[in-house]
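> Here is a sequence together with a model predicted from it:
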Amino acid sequence: MILEWVMIISAALTILLILLQARGATLGAGFGSSGELFTSRRGIEKNLYDTTIVTTVIFVLSIVVSLIIG
């Protein structure tokens, strides 16, 4: 029961964090070309990126554990 909640919450947080990231949000980025130069992530953008990775790892691990437990 707890594992199901972990999966649901981590999936929702991952989706939210991905949508909050604004990098490449221009129309040209959808076609593979962005008019901006690549820069390193700083501040809140770096925190969002790191948090997205953590929530994604939690989501994947919860799925693996769920498959093992069965």
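Nice, I can see it. Because the structure is predicted, anything quoted here is derived from the model rather than measured.
> shaky segments in this structure?
23-39 (pLDDT under 70).
> hey, where'd the helices end up in it?
2-20, 44-69 (DSSP state H).
> how about those helices in TSV, adding mean neighbour count?
All C-beta atoms are positioned from the backbone trio N, CA, C, and that covers glycine. TSV is the format used below for the helices of the chain (neighbours: other CB atoms under 10 Å):
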stretch	mean neighbour count
helix 2-20	14
helix 44-69	14
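> what residues are up against the spatially most central residue of the chain?
Centroid-nearest residue in the chain: T52, 3.6 Å away (criterion: CA atoms, centre = their mean). Going by CB atoms under 8 Å, 6 or more residues apart in numbering, T52 touches T14, L17, I18, Q21.
> rerun that using 10 Å as the cut-off
T52 makes contacts with L13, T14, I15, L16, L17, I18, L20, Q21, as judged by CB atoms under 10 Å, 6 or more residues apart in numbering.
> and of those, the nearest to I2?
Of all the contacts of T52, I2 sits closest to L13, with 16.1 Å by CB to CB.
> And that closest one, how close does it get to G70?
25 Å (CB to CB, to the nearest Å).
> Can you give me the neighbour number for the closest residue to Y49 other than its chain neighbours?
For Y49, ignoring the flanking residues on the chain, the nearest one in space by CB to CB, 6 or more residues apart in numbering is R41 at 5.5 Å. R41: 13 surrounding residues under other CB atoms under 10 Å.
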